[in-house]
Structures are given as C-alpha cells and as structure tokens.
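Peer 1: everything below, folded, please.
(chains A and B)
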Amino acid sequence: DQQVKQNSPSLSVQEGRISILNCDYTNSMFDYFLWYKKYPAEGPTFLISISSIKDKNEDGRFTVFLNKSAKHLSLHIVPSQPGDSAVYFCAARALISSGSARQLTFGSGTQLTVLP
Amino acid sequence: GAGVSQSPSNKVTEKGKDVELRCDPISGHTALYWYRQSLGQGLEFLIYFQGNSAPDKSGLPSDRFSAERTGGSVSTLTIQRTQQEDSAVYLCASSSTRGMYNEQFFGPGTRLTVL
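Peer 2: As a prediction, this is how the structure comes out:
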C-alpha cells in the first residue's frame, strides 16, 4: 500500500526550461511534505518543504505546490540546470498529537536529467 | 564531522551470515531513523529512536532485524542470517526535536550485498 506515489520514474528536460516533478499521496493524516534530492552514492539531501496550511512555498529556483483536495504536490525547478540532474524523492510526515517528529514516508523517486 | 556518518560504506556478505551496520548521528540530535532503499524502490522506514523512549520498530521487516542506540548517540542495525532480499542501501538519518517540523539529515548509506 503505497501512501506516497511518484508515478514518473524519469524525466528529461532541456537546460533553462522548467522541470515539474509530481507526487500524489493517500493518507489524509499527512500534514508536512518534503522534497529530497539524491545524487549517486550519497544520502538524500533536503531541498524544500511545505506545511499543509500552505499551498505554495518558494526558495530560489525551487517552488513546491500543494493541492490538499487532490492530495497532490509538485516541485517546480526553473530554470533547470545540468547540476539539478539527480533522483528527487517526495516525502510526507504525519505528526502525532504530542507533536514529536515521526518517520517520513517516501515515494519511489523520479530521476531528473537536465540536458545541456 | 558535521554530518551523519555511516560505516561501512559497502558490505558484501554470504547468505546466512550476520551483519552490523553503524550510524553516527549529528551531535545533539535526539532522533535517529533507519531506512532502506532496495533497487528501484523508494526509501522504506525501518526503525525510529527518540531520546530515551522505546523505539518505534514498526518498520522492521522481520525478527532477523534489530537495532540499538547506545548512550543516545551511535546506533547499530543488525541483520541476522542475511537473505538475498536484504540486499539494499541502508540509510540512517537524524534530526533535532526543536520545533514542530524537523528536517532529517541523511548519511551516505551502507550498500549491503548478500550473495
């Protein structure tokens, strides 16, 4: 039962264009969402996050959009650069009532290739 | 070091042997997580330690898997009688507990290959 789904295993984009990575979730208890980027032989590194009380969060070239009614989020990278080529994981977290942090539920990842 | 470290970086073992994987979290981080990533899959949660509380073991796939965290710092993940399906990259992450939303910082992982 995949609670976080990334249906596109790969995406290729021309340098300078927009990259859009999509993620869907099923668990309505998720209230915090994150995107991680992973290069080969390295651990995932945090990229950007969004709380469920927002519908957009922007950080430089990266913007995350959240559509709660559709249980869908997306990561936009513009303009895309060859150094952005990596695997991007969408992750979600449900906070328990005491407010302590719990584990992340990850999607299967999307390999982004930015072509020069 | 400033980040999460894991050792070994690579481990090749024979089916049936036991293995131990080590994680050194960021100093001062009270929360520690183990995940694994099998080929072509996302990261799968295994176990979570938070301070002195009992660990959340809900993600461990079988009783061959166990983990401990000594002194609230270093953690060891042990896999007994390894099977070929245990082959994966095992990732450790740590986070602080300040604030409601706590970014998890990941180590580089241990690639386990069971022959």
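Peer 1: what lies in contact with stretch A:4-21?
Peer 2: The list of residues contacting stretch A:4-21 from outside it, by CB atoms under 8 Å, 6 or more residues apart in numbering or on different chains, reads A:22-26, A:35, A:74-82, A:84, A:88-92, A:105-116, B:42. C-beta here means a position set from N, CA and C on the backbone, and glycine is covered the same way.
Peer 1: need the CA coordinates for the strand or helix carrying residue B:34. PDB is fine.
Peer 2: Of the helices and strands defined by DSSP states H and E, residue B:34 is found in strand B:31-37. Listed in PDB are the C-alpha atoms of strand B:31-37, where the atom choice follows Å, rounded to 0.1, in the frame of the first residue of the first chain:
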ATOM      1  CA  ALA B  31      16.000  11.500  16.900                       C
ATOM      2  CA  LEU B  32      17.600   8.700  14.800                       C
ATOM      3  CA  TYR B  33      16.000   6.800  11.900                       C
ATOM      4  CA  TRP B  34      16.900   3.800   9.800                       C
ATOM      5  CA  TYR B  35      15.600   3.400   6.300                       C
ATOM      6  CA  ARG B  36      16.500   1.100   3.400                       C
ATOM      7  CA  GLN B  37      16.300   1.500  -0.300                       C
END
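Peer 1: bridging residues for residue 110?
Peer 2: By default, I'm working from chain A. Beta bridges link residue A:110 to residue A:88, judged by DSSP bridges.
Peer 1: that was the other one, I meant chain B.
Peer 2: With DSSP bridges applied, the residues forming beta bridges to residue B:110 are residue B:90.
Peer 1: residues in contact with residue B:76?
Peer 2: Residue B:76 makes contacts with B:20, B:21, B:22, B:23, B:67, B:68, B:69, B:70, as judged by CB under 8 Å, 6+ apart.
Peer 1: ok, now how distant is the second one from chain A?
Peer 2: In this structure, residue B:21 lies at 13 Å from chain A, with CB to the nearest CB, to the nearest Å as the measure.
Peer 1: count of neighbours near whatever residue of chain A ends up closest to chain B?
Peer 2: Closest approach of chain A to chain B (CB to the nearest CB) occurs at residue A:43, with a separation of 3.3 Å. Burial of residue A:43, expressed as a neighbour count using other CB atoms under 10 Å in any protein chain shown, amounts to 23.
Peer 1: list the residues that contact residue B:59.
Peer 2: Residues touching residue B:59, when contacts are defined by CB under 8 Å, 6+ apart, comprise A:103, B:44, B:45, B:46, B:47, B:48.
Peer 1: so the spatially most central residue of chain B bridges to which residues?
Peer 2: Closest to where the C-alpha atoms of chain B average out (CA atoms, centre = their mean) is residue B:34, at 3.1 Å. Here residue B:34 sits in beta bridges with residue B:47, residue B:92, going by DSSP bridges.
Peer 1: retrieve the pLDDT associated with it.
Peer 2: Taken from the predicted model, the pLDDT recorded for residue B:34 is 95.
Peer 1: what stretches of chain B score poorly on pLDDT?
Peer 2: By pLDDT under 70, the weakly predicted segments of chain B are B:1, B:97-102.
Peer 1: report how many residues lie close to the residue in it that chain A sits nearest to.
Peer 2: Residue of chain B nearest chain A, by CB to the nearest CB: residue B:106 (3.3 Å). With neighbours defined by other CB under 10 Å, the count for residue B:106 comes to 22.
Peer 1: pretty sure it sits against residue B:89.
Peer 2: No: Residue B:106 sits out of contact with residue B:89 when judged by CB atoms under 8 Å, with a separation of 10.7 Å.
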